[in-house]
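K.L.:
Okay, here's the prediction I keep looking at, along with the sequence it came from:
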Amino acid sequence: MRKAFLIALGVVHLLLVDAVTKELAVGLLKGSAPVPVVPGFFDLAYVENDGCAWGKFQGCVWQLALFAVMAFAVIVWKRDELFETKTTGWRRKAGAWAEVLLYAGIAGNFLDRVLRGHVIDFLDFHWADAYHFPCFNAADVYITVAAGLLVLLALAAGKEKGAKSAAQ
C-alpha cells in the first residue's frame, strides 16, 4: 500500500510540473516568436500538436487519447513484468522510476488531448537552421526517460538470464 501511495504521489507531482510548464507556455509563448535560450540550439516555442511524435497522426486526437487509455491499461496489467517490481537493488528502483515517469507522461499528454483538443509542446532543439528536432514537452521527457530505463532493465534481465544459462 505504501508503494502505491508513493507512486501516486510521484505521478501527481510530475503531472503538476507538466501542467504548470504547459500553462506557462500558453501564457508566455502563445502568439509570440520563439525565445532563444541557447542561440542556434535551444528555443522555447509554442506549438499546438493535434497528432503525436514527429507530427504523425495529425487530427487523430480522440484516437490517440483512446490509444493512451489502452496502453495505460496494458501497462498496469503487466506492471510486475515491465517494472520488475519483485526484484531488488537498482533494478527495483529503476523500475519504480520508470513506472512513475511513464504513468505521468501518458496522463499528461492524455489530459491535454481531452481537455484542450491538442498537446502543448514548447521545448525546441535545433542545429542552427539545418535541423529541427520536433518540439516536445515535459510529459514527452517523462515517457522518453521511462523508455530508456525500461531498455536498461531489459538488457540487465537478458544479461542475468544469459549468465544463469552459462552457469548451468
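P.N.:
Received the coordinates, thanks.

K.L.:
My read is that residue 123 contacts residue 134, right?
P.N.:
No. Assessed by CB atoms under 8 Å, residue 123 is found out of contact with residue 134, at 9.7 Å. Placement of C-beta: from N, CA and C, glycine included.

K.L.:
who's more crowded, these two?
P.N.:
A side-by-side neighbour count of residue 123 and residue 134, using other CB atoms under 10 Å, places residue 123 first with 20 against 17.

K.L.:
so the more buried one sits in a strand?
P.N.:
Yes. Counting by DSSP: H, G, I helix; E, B strand; the rest coil, residue 123 is part of a strand.

K.L.:
Quickly list what it is bridged to.
P.N.:
In this entry, residue 123 is beta-bridged to residue 44, residue 136, by DSSP bridges.

K.L.:
what residues are up against it?
P.N.:
Residues counted as contacts of residue 123 (CB atoms under 8 Å, 6 or more residues apart in numbering) are 42, 44, 135, 136, 137, 141.

K.L.:
what would those look like in TSV with pLDDT and distance to residue 7?
P.N.:
Output for those, formatted as TSV (pLDDT from 0 to 100; distance: CB to CB, whole Å):
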residue	pLDDT	distance to residue 7
42	96	31
44	97	30
135	94	29
136	96	24
137	97	22
141	97	18
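
K.L.:
Going by distance to residue 78, which of these wins?
P.N.:
residue 141 (23.1 Å; CB to CB).

K.L.:
so that closest one sits in a helix?
P.N.:
Yes. Per three-state DSSP, residue 141 lies within a helix segment.

K.L.:
for the spatially closest residue to residue 112 that is not a sequence neighbour, phi and psi?
P.N.:
Using CB to CB, 6 or more residues apart in numbering and skipping residues adjacent in sequence, the residue nearest residue 112 is residue 119, 4.4 Å away. The phi/psi pair for residue 119 (degrees, to the nearest 10) reads phi -100, psi 140.
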